[in-house]
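Enquirer: my questions are about this predicted structure, shown below with the sequence.
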Amino acid sequence: METSLIIARILGVIYFSFGVGLLLNSNYYKEIMQKLLDNAGYMLLAGFFAVVVGFLIIENHDIWTDAWTSIISIIGWIALIKGILILAFPRSFGIFKPMLTGKAMHYVLTPFVLLFGLFFLYYGFLM
């Protein structure tokens, strides 16, 4: 359970901070996301980072007992799979550009990231 709390705290702070950034600086993030998705070096680093984070979460937290701890395990598996796909097929992630640079970022991604951050902050710090 201690591992779950630590991971929830980390995810909560990251997601909530990013969500606040998306909310308050949406034009900046639209611009920077476009540049990041077009940068091959960034995609390579993002792939490596996702594999490492996903693997670390799975290796230390492959827990499927409670609903909220299972979500952490799911995030680990998603990160690992996403990282492998980025490294194997880096150009295929261009299909996400409209979601990450258009109006969908403001109306879909921002609330989702904020709620996800609040969810993990609650379970990480208040449970």
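Expert: Cool, the structure landed. Numbering: from 1, shown residues only.

Enquirer: now the helix or strand of the chain with the lowest mean pLDDT: buried residues?
Expert: Taking mean pLDDT, DSSP states H and E as the measure, helix 97-101 is the helix or strand of the chain with the lowest mean score, a mean of 72. Neighbour-count burial for helix 97-101 flags 100, 101 (criterion: 16 or more other C-beta atoms under 10 Å). The C-beta positions use only the backbone N, C-alpha and C, and glycine is treated the same way.

Enquirer: what's next to the helix or strand following it, contact-wise?
Expert: As assigned by DSSP states H and E, the chain's next helix or strand after helix 97-101 is helix 103-104. Applying C-beta atoms under 8 Å, 6 or more residues apart in numbering, the contact partners of helix 103-104 are residue 98.

Enquirer: remind me what the helix or strand that comes right after helix 103-104 packs against, helices and strands.
Expert: As assigned by DSSP H and E, the chain's next helix or strand after helix 103-104 is helix 110-121. The elements that helix 110-121 packs onto, with contact taken as 3 or more C-beta pairs under 8 Å, 6 or more residues apart in numbering; DSSP states H and E, are helix 2-24.
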